[in-house]
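J.: generate a structure from the sequence data that follows.
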Amino acid sequence: MRDDHFSQTQTAPRHAARPPLPRFVRRWLALLPLCSCLAACALIHHDSPPAALIAPEQIRLADDIHLAGEGWPSARWWEDYHDPQLDALIDRALSHAPTLAIAREHVSQAHAQVELIRAGSDLQVSARGEADREHVSGHGFLSAYAQQDPAIGAYGPWYWTGLVGVDAHYDIDLWGKQRDLVRAALGEQNARRAEAAQAELEVSTGVAQLYYQIQIVYTSLGLLQQLRSVDAFELDTRSARHERGLEALTQSAEARSQLLALDQQIASAQEQIVQTREALRALLGAGADDLPAIVPVALPAPSVGLPSTLSFELLNRRPDLQALRWLVAASFDRIDAAKAAFYPSFDITAFFGFNALRMRDLFTHSAEQINLIPGLSLPIFDGGRLNAGLHGARSASNTLIEQYNEAVLDAVRDVAQTGSQIDDLEHRAQLQRERIDAIRFASESADAQYQRGLADRSTAMQAKAPVIEGQIALLQLNGDEIEAEIVLTRTLGGGYRSDDLPVLPAQPASATR
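T.: Residues are numbered from 1 along each chain as shown. Next comes the predicted model:
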């Protein structure tokens, strides 16, 4: 009785058949493992907000800076000086300067990086061939082939196995990670191009500064030689009077001391020309005997131009600001790529070819092999690697934003300070010209008295010295003006302009994704 009852209780459920589940329920049940995997993938723990970009309204000069001209420097700004000697030096520097060669290599390297990253998102196809001399284990999965068994084609335990075919792999960029990396690389390439333009600007302005330093010293040497002739005449006069007993030796010693001090200035000026030429040679990348002689020419009259206001357009004019702006834009794309790494990745791997245990069977129809492997990769537990990568990308981006903001403010400050300096130099030069006119009037009066026999020649010669000294001081002011004008050209971008300025939102979209 117990056995019968037991058998009835065990077999009773078999007679009560359950109705099958609907198809859509079975599909949802099949998706449950995938949903559970997606829920278990790595999560973004914390993403700090982006740093604030500087407002364009802050990029403006003070209203009390007014210069003589209007307009920006031209692309070949140095041609406005109408000096063929300077034109040839700068053209040579732009072609052969080592600094520019390095900058162009950086651009080439960035371009290669773009091509490398872009290639990673394309279909990858490669040919594959293998030949393997293999000893089959008698206790492994293929143990039957370790013995001689013609019925199954075993002649082991040694075999020559072969594989030949074509592999293909394609990553499906579903979340745009690869696209963001390509955009970041393109931004880096544009930044390197802007840096190359900045290097060209630095080289051209550097050549102009060194060239006019040499020209200013040439002009000052001429004035110093004139002043030396006055002091030499004074020494001869004092020596003659001392020999006749008309003056003490003290006056002759003082005149000789002044002449020696002037000779020291002349020697120092000549050495300055040598040192400046060597600096110019290094900037040009010229050899020991490859730098042409620099002939003295008349200095150009200072003439600068500054826009009445500087606003957002300053960013288009400064290649260094352009470079930083592109780097900031690229950093936003790297943040997007770092976020996309948290999501599942999909790829497809395929193989078509021949695979055979014996080499003589390799290219037979039965040895054909076809593989098609769709793949899914989910980051579940990564030890914080992805969050660390996102945090690093965000920190690097915020650092670039702060550097960019600082560079913009520094650029406006440099333009304002240089413009104010030029205004001050022009005012001081005008006062110096008026002072020279007054001194020249006294010198001409003394010379006229000497011509009429009302004064001796020594007095007329001594009256020339203040005029020459005033001209030397004016020359220094003119040199400072030319120097400041070249600096202003550099701070205004030297005519550089880019119309593809990247748009940087105040709150990047990547910060809210």
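J.: could you list the buried residues of stretch 394-411?
T.: Buried residues in stretch 394-411, defined by neighbour count with 16 or more other Cβ atoms under 10 Å: 394, 397-398, 400-401, 404-405, 407-408, 411. C-betas here are computed from N, CA, C, even on glycine.
J.: apologies, that question was intended for stretch 426-441.
T.: Along stretch 426-441, these residues count as buried under the neighbour rule (16+ other Cβ under 10 Å): 426, 429, 432, 436, 439-440.
J.: looking at the buried residues of stretch 394-411, which are in helices?
T.: Residues of the buried residues of stretch 394-411 located in helices (DSSP state H): 394, 397-398, 400-401, 404-405, 407-408, 411.
J.: out of the buried residues of stretch 426-441, which sit inside helices?
T.: Secondary-structure check on the buried residues of stretch 426-441 using DSSP H: residues within helices are 426, 429, 432, 436, 439-440.
J.: ok so, going back, quick check, nearest of the buried residues of stretch 394-411 to Arg183?
T.: When the buried residues of stretch 394-411 are ranked by distance to Arg183 (Cβ to Cβ), Ser397 comes first, at 13.8 Å.
J.: re the thing from before, turn the buried residues of stretch 394-411 into TSV, columns for pLDDT.
T.: As requested, those are exported to TSV (pLDDT from 0 to 100):
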residue	pLDDT
Arg394	93
Ser397	94
Asn398	94
Leu400	95
Ile401	94
Tyr404	92
Asn405	91
Ala407	92
Val408	89
Ala411	88
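J.: still on that earlier bit, just put the ones in helices among the buried residues of stretch 394-411 in JSON lines and tack on distance to Gln124.
T.: Listed next are those as JSON lines, based on distance: Cβ to Cβ, whole Å:
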{"residue": "Arg394", "distance to Gln124": "31"}
{"residue": "Ser397", "distance to Gln124": "30"}
{"residue": "Asn398", "distance to Gln124": "35"}
{"residue": "Leu400", "distance to Gln124": "32"}
{"residue": "Ile401", "distance to Gln124": "36"}
{"residue": "Tyr404", "distance to Gln124": "37"}
{"residue": "Asn405", "distance to Gln124": "42"}
{"residue": "Ala407", "distance to Gln124": "40"}
{"residue": "Val408", "distance to Gln124": "43"}
{"residue": "Ala411", "distance to Gln124": "45"}
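J.: just these now: which is nearest Glu243?
T.: Closest approach between these and Glu243, by Cβ to Cβ: Ala411, at 65.8 Å.
J.: tell me how many other residues crowd the closest residue to the closest one other than its chain neighbours.
T.: For Ala411, the nearest residue in space outside its immediate sequence neighbours is Arg318; the separation is 5.6 Å by Cβ to Cβ, 6 or more residues apart in numbering. Number of residues near Arg318 (other Cβ atoms under 10 Å) recorded here: 29.
J.: strands of the chain, residue ranges please.
T.: With DSSP state E as the criterion, the chain has strands at 124-135, 148-149, 154-155, 158-172, 345-356, 368-377.
J.: paired strands for the last one, with orientation please.
T.: Okay, so that is strand 368-377. Each strand that strand 368-377 pairs with, and the sense of that pairing, follows from DSSP bridges: strand 345-356 (antiparallel).
J.: buried set for the strand it pairs with?
T.: If you call a residue buried by 16+ other Cβ under 10 Å, then strand 345-356 has these buried ones: 345, 350-351, 353-356.
J.: likewise stretch 191-206?
T.: The neighbour-count criterion (16+ other Cβ under 10 Å) identifies 191-206 as the buried residues of stretch 191-206.
J.: so which of those are in helices?
T.: Secondary structure assignment by DSSP H places 191-206 of the buried residues of stretch 191-206 in helices.
J.: and which of the residues you listed is nearest Asp122?
T.: Compare each of those with Asp122 using Cβ to Cβ and the shortest gap goes to Arg192, at 23.4 Å.
J.: and the closest one, what does it touch?
T.: Applying Cβ atoms under 8 Å, 6 or more residues apart in numbering, we find Arg192 in contact with 103, 106-107, 109-110, 323.
J.: any of those residues buried? List them.
T.: Restricting the contacts of Arg192 to buried positions leaves 103, 106-107, 110, 323, with burial counted as 16+ other Cβ under 10 Å.
J.: residue closest to the middle of the protein?
T.: In the chain, the C-alpha closest to the average C-alpha coordinate belongs to Glu195, at a distance of 3.4 Å (Cα atoms, centre = their mean).
J.: okay, now the unreliable bits of the stretch 51-200 of the chain?
T.: Filtered on pLDDT under 70, the stretch 51-200 of the chain yields the residue ranges 56-58, 60-72.
J.: all helices of the chain, in order?
T.: Along the chain, counting by DSSP H, helices occupy 2-11, 23-40, 84-96, 98-120, 177-243, 249-284, 313-317, 319-340, 385-451, 457-491.
J.: and those as CSV, adding distance to Ala127?
T.: Conversion of the helices of the chain to CSV gives the following (distance: least, Cβ to Cβ, whole Å):
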stretch, distance to Ala127
helix 2-11, 62
helix 23-40, 35
helix 84-96, 45
helix 98-120, 17
helix 177-243, 24
helix 249-284, 51
helix 313-317, 50
helix 319-340, 31
helix 385-451, 34
helix 457-491, 55
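J.: of all these, which one comes closest to Ala367?
T.: Proximity to Ala367, assessed across the helices of the chain by Cβ to Cβ, is greatest for helix 98-120 (32.5 Å).
J.: in that closest one, what's buried?
T.: Neighbour-count burial for helix 98-120 [16+ other Cβ under 10 Å]: 99-100, 103, 106-107, 110-111, 113-114, 117.
J.: and stretch 266-278, by the same measure?
T.: The neighbour-count criterion (16+ other Cβ under 10 Å) identifies 272-273, 276-277 as the buried residues of stretch 266-278.
J.: in TSV: the ones in helices among the buried residues of stretch 426-441, plus distance to Ile216 and pLDDT.
T.: What follows is those, written out as TSV (distance: Cβ to Cβ, whole Å; pLDDT from 0 to 100):
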residue	distance to Ile216	pLDDT
Glu426	17	90
Ala429	14	93
Gln432	15	94
Ile436	17	93
Ile439	21	89
Arg440	22	87
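J.: re the thing from before, ok, of the buried residues of stretch 266-278, which one's closest to Ile335?
T.: For the buried residues of stretch 266-278, the nearest to Ile335 is Thr276 (47.8 Å; Cβ to Cβ).
J.: quick one: the closest one and Ile216 touch, right?
T.: No - between Thr276 and Ile216 there is no contact under Cβ atoms under 8 Å: 9.8 Å.
J.: any common contacting residues for the two?
T.: Between them, Thr276 and Ile216 share no contacting residue under Cβ under 8 Å, 6+ apart.
J.: follow-up on the earlier one: how about the ones in helices among the buried residues of stretch 426-441 in a markdown table, adding distance to Ala255?
T.: Listed next are those as a markdown table, based on distance: Cβ to Cβ, whole Å:
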| residue | distance to Ala255 |
| --- | --- |
| Glu426 | 37 |
| Ala429 | 32 |
| Gln432 | 27 |
| Ile436 | 24 |
| Ile439 | 21 |
| Arg440 | 24 |
